[in-house]
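Colleague: Could you work out the structure for the sequence below:
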Amino acid sequence: MILSKASRLSLLAGLLCLLLMGFTGAANAVIRWDVFPSPSEVINSGRSEVLGGITFAVQVNQPTPIVTGNVAGGPSQIGILFQNRVQIDNAMTTGIRVYTNNVALASTVAVCNASCDPTKMWVTAQNIDSTGGGVYSGYLTLNIPGGVTLIAGDSITIQGVRGRIDRSDLASAGQDGYAQAQSINDPASNQFFPEQFRVAKSYIPMTVAITSDVATLCMPTYGALTSSARYPYLALQKITVTEVFPRAFVAKDALQDSVAGPADRTDSYPAPSTGWLGSPTQGTMLKVYLNTIPSTVTSVSWQPIVTSNNGGGLYVTTADSAFTSGAAGGPANGSAYMVYEYITSNQTGASDITTEGFDFRPALALSATNQQDATGVLVRAGVSLWPPPLDVQAATVLYQPFTSSVPPLTPQTATVPSMPRFVTNYLSGSYAYADPLSAGALANFGVYEGFAPCVCYLLYPYTTKDNFWDTGVVVANTSDDTGAIAAGKGASRQAGRVTFWLYDFRLGAISPAAGIFFADAAHTSPPGQAGPAFDSNTPAQPIYYAGQSVRGLVSQLVTGAAATALANKGYTDFAGYIIAKAEFQYCHGYAFIADQHFANIAQGYIANVIPDPSVKGGSRVAADAGDITCLKAGEGINN
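Modeller: Just a heads-up that it's a prediction; the model follows:
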């Protein structure tokens, strides 16, 4: 049969169409994938942070249907190499998930263990030295079995990959992490648009601010004490932890109901039939640490729950807490900590859209008999994300220490460590330390609580002593209010010394540095308050117990060093003010000026109480004027 030129052209065109149809359905046809990353936010100190998901979608502008596979009839494989030295921390058995909207392909999803079935769809994870320079990066292999028909819009998504951010370039906060896709097994099987894409951005997780206060030591060594001698924390002191970005703290399961719901985040809920995405073992945890605790502190109690400004909360993990008191009579080397776990009832609708803050207020219980070890001590505080990395486990090694030249061991056969977990980094103000008991932490952690002995200062504005006049002074220890005030509502009984400092109107201070006291050889401790009548360090100085009073004359104080100071300037008389320091609270005083025979009383007045500087910022400062100017115009005193 002889064909015309036109007929031959028609036949060639038909054969070409058949060939194209055959190649379109062939197993070794190229699949063009649009790549859609979903970058996540990660913590720069995280050892196991969930990276963003990656979706591969069949391009709509290529001929379909198309059949998966390579030229040998085997699977098509995609490699994903993470950039920026980001290592992978988990596998399909520990939270990596692969999803597809293609029903036939979905039926082949399986977990790849030691031996992988090429007729199934799975993902493997490893860390490789891709450059030969001893720098390891994460590498995923996605296996797509051959013989599965795809159409435009079919997609495959990989989620739940955890990255070791603290060992990567992303440890420097604010950095972006990338990944690259490439076709393996049969290089002609897959093409990607784009080939490189962003998967994460790193942030610092939180700030830690310490607000300090001073606890007063009102536990005398002598005398009977009431239960109120145990002083908890004061209202001002706190440890404030604030998220840097709203999604820093994550609960394992919103509502703790093990049910996926609108309040859950995708990396914090139990996905139906596939387990937890990213396999979190717990929510974000914090370890709150106190150091430089003196032996005066007998215990530390913690809030069972610390709520945020928007519904989230941190609950104590009672299995992970400790308290060690300082050495008696020695340095303040005690410590205490409590681990909290983050929980919220609405992760996505509240916690993830609000920067949350938390105020921790651990209460320090103080000894009723030992106050001297705490005087001048500063208890300091810091906070770290928790738990820490667990590089080596008991019987089977799961992870080796991460040096640039040592990859993690595979396969991963030991018990999986906590996820998430974080490199230990205790924050306190502008400082950060890996060890909360290091020299730097002991010196630079923010001060949480200081201690000052209970004292009471009295000002006698004018007193005098000469050949005709003398001044009587009284200091009363009113910490005993038994009967007058209902039981359990009154003051704690306190005891201590009373010391005076004299200031002459011509010479100024004339007392020795240690002050002057009234000698009273007949002084005794009162009934029911057993204890020594005199101080062991200054044997002649009386100890005044609750309910007792000091009585004496200024002429009895202007003796010894004070009299010598006056005599050296040619004076035998004294006139000026006196400040009395009582080593107990609730002191009140009275003075009266009269002739030496007390026949002609000239003047009497109540002494002014000077606010204790140790609990008012550490120094005696002027008070405001009491008007709209608030100028430091004088001193706020009372009686």
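Colleague: so where is the stretch 101-250 of the chain shaky, pLDDT-wise?
Modeller: 114, 218-235 (pLDDT under 70).
Colleague: Going by residue numbers, what spans are strands in the stretch 1-150 of the chain?
Modeller: Applying DSSP state E, counting those that start in this stretch to the stretch 1-150 of the chain gives strands spanning 31-38, 40-43, 49-50, 53-58, 66-67, 76-82, 87-88, 97-100, 122-128, 137-144, 149-150.
Colleague: For the spatially most central residue of the chain, which residues are in contact?
Modeller: Nearest residue to the geometric centre of the chain (CA atoms, centre = their mean): residue 383, 2.8 Å. Shown in contact with residue 383 (CB atoms under 8 Å, 6 or more residues apart in numbering): 206, 208, 239, 241, 286-289, 360, 426-428. To be clear about C-beta, it is placed using only N, CA and C from the backbone, and glycine gets the same treatment.
Colleague: where does the nearest residue to it once chain neighbours are set aside land in three-state SS?
Modeller: Ranked by CB to CB, 6 or more residues apart in numbering and with sequence neighbours excluded, the top spatial neighbour of residue 383 is residue 208, at 4.6 Å. For residue 208, the assignment made with DSSP: H, G, I helix; E, B strand; the rest coil gives strand.
Colleague: so how many other residues sit close to residue 172?
Modeller: 10 (other CB atoms under 10 Å).
Colleague: do the same with residue 322
Modeller: 11.
Colleague: Out of the strands of the stretch 1-150 of the chain, which is the most enclosed?
Modeller: strand 49-50 (a mean of 30; mean count of other CB atoms under 10 Å).
Colleague: So what touches that one?
Modeller: By CB under 8 Å, 6+ apart, the residues outside strand 49-50 that reach it are 40, 42-43, 160-163, 165, 200, 267, 277-278, 420.
Colleague: 7 Å instead, please
Modeller: 40, 42-43, 160, 162-163, 165, 267, 278, 420 (CB atoms under 7 Å, 6 or more residues apart in numbering).
Colleague: re earlier: my read: the residue nearest to residue 383 touches residue 426, true?
Modeller: No - assessed by CB atoms under 7 Å, residue 208 is found out of contact with residue 426, at 8.3 Å.
Colleague: how much space between residue 438 and residue 583?
Modeller: 36 Å (CB to CB, to the nearest Å).
Colleague: Of the two, which one has the most company?
Modeller: Using other CB under 10 Å, the more surrounded residue of residue 438 and residue 583 is residue 583, with 22 against 14.
Colleague: Would you confirm that the more buried one contacts residue 455?
Modeller: Yes - using CB under 7 Å as the test, residue 583 is close enough to residue 455 to be in contact (5.9 Å).
Colleague: Of the contacts of residue 383, which belong to strands?
Modeller: Using DSSP state E, the members of the contacts of residue 383 that fall in strands are 206, 208, 239, 241, 286-289, 360, 426-428.
Colleague: residue ranges with poor pLDDT in the stretch 301-450 of the chain?
Modeller: Along the stretch 301-450 of the chain, the model assigns pLDDT under 70 to residues 310-311, 317-319, 368-369, 371-372, 390-416.
Colleague: residue boundaries of the strands in it?
Modeller: Along the stretch 301-450 of the chain, counting by DSSP E, counting those that start in this stretch, strands occupy 305-307, 313-324, 334-343, 357-360, 363-366, 378-386, 426-428, 431-433, 446-453.
Colleague: residue contacts, residue 459?
Modeller: Here residue 459 is in contact with 577, 579, 607-608, 610, 637 (criterion: CB under 7 Å, 6+ apart).
Colleague: Out of these, which comes closest to residue 92?
Modeller: residue 610 (71.7 Å; CB to CB).
Colleague: hang on, that closest one packs against residue 582?
Modeller: No - with contact defined as CB under 7 Å, residue 610 does not count as touching residue 582 (11.2 Å).
Colleague: of these two, who's got more company?
Modeller: More crowded of residue 610 and residue 582, by other CB under 10 Å: residue 582, with 25 against 19.
Colleague: where's the residue nearest to residue 80 when sequence neighbours are not counted relative to residue 482, distance?
Modeller: Leaving aside its sequence neighbours, residue 80 sits nearest to residue 140 (CB to CB, 6+ apart; 4.1 Å). Separation of residue 140 from residue 482 (CB to CB): 77 Å.
Colleague: again with residue 183
Modeller: Taking CB to CB, one finds residue 183 at 89 Å from residue 482.
Colleague: who has more neighbours, those two?
Modeller: Higher neighbour count among residue 183 and residue 482: residue 183, with 20 against 13, using other CB under 10 Å.
Colleague: give me every residue that touches the nearest residue to the more buried one once chain neighbours are set aside.
Modeller: Of all residues not flanking residue 183 in the chain, residue 190 sits nearest, at 3.8 Å (CB to CB, 6+ apart). Contacts of residue 190 were listed using CB under 7 Å, 6+ apart, and they are 31, 33, 76, 78, 183.
Colleague: Recalculate using a threshold of 6 Å.
Modeller: Applying CB atoms under 6 Å, 6 or more residues apart in numbering to residue 190 gives the contacts 31, 78, 183.
Colleague: Equivalent analysis for residue 48, please.
Modeller: 89, 162, 419-421.
Colleague: Quote the end-to-end distance of stretch 491-508.
Modeller: End-to-end span of stretch 491-508 (CA to CA, to the nearest Å): 36 Å.
Colleague: Ok, stretch 158-174 next?
Modeller: Start-to-end, stretch 158-174 (CA to CA) is 24 Å.
Colleague: Flag every buried residue along that stretch.
Modeller: Neighbour counts over stretch 158-174 (16 or more other CB atoms under 10 Å) mark 158-168, 170-171, 173 as buried.
Colleague: Then stretch 514-529?
Modeller: Applying 16+ other CB under 10 Å to stretch 514-529 flags 515-518, 520, 523, 525-526, 529 as buried.
Colleague: Could you dump those residues into CSV and include secondary structure, distance to residue 326 and pLDDT?
Modeller: Output for the buried residues of stretch 514-529, formatted as CSV (DSSP: H, G, I helix; E, B strand; the rest coil; distance: CB to CB, whole Å; pLDDT from 0 to 100):
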residue, secondary structure, distance to residue 326, pLDDT
515, coil, 30, 95
516, strand, 34, 96
517, coil, 31, 96
518, coil, 36, 96
520, coil, 36, 93
523, coil, 34, 95
525, coil, 30, 89
526, coil, 33, 90
529, coil, 28, 77
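Colleague: closest to residue 350 among those?
Modeller: residue 529 (55.9 Å).
Colleague: right, and the closest one touches residue 545 too?
Modeller: Yes - if you go by CB atoms under 6 Å, residue 529 and residue 545 touch, sitting 4.6 Å apart.
Colleague: quick one, strands of the stretch 151-300 of the chain?
Modeller: 155-159, 162-164, 176-184, 190-193, 196-203, 206-211, 213-217, 238-243, 270-271, 275-276, 285-293, 297-301.
Colleague: so what secondary structure elements neighbour the first one?
Modeller: Secondary structure elements in contact with strand 155-159, counted by 3 or more CB pairs under 6 Å, 6 or more residues apart in numbering; DSSP states H and E, are strand 53-58, strand 97-100.
Colleague: one more time with 10 Å
Modeller: When contacts are defined as 3 or more CB pairs under 10 Å, 6 or more residues apart in numbering; DSSP states H and E, strand 155-159 packs onto strand 31-38, strand 53-58, strand 76-82, strand 97-100, helix 103-106, strand 137-144.
Colleague: partners of that strand in the sheet?
Modeller: Strand pairing for strand 155-159, determined by DSSP bridges: strand 53-58 (antiparallel), strand 97-100 (antiparallel).
Colleague: Also the second one?
Modeller: Under the criterion DSSP bridges, strand 162-164 sits next to strand 49-50 (antiparallel), strand 87-88 (antiparallel) in its sheet.
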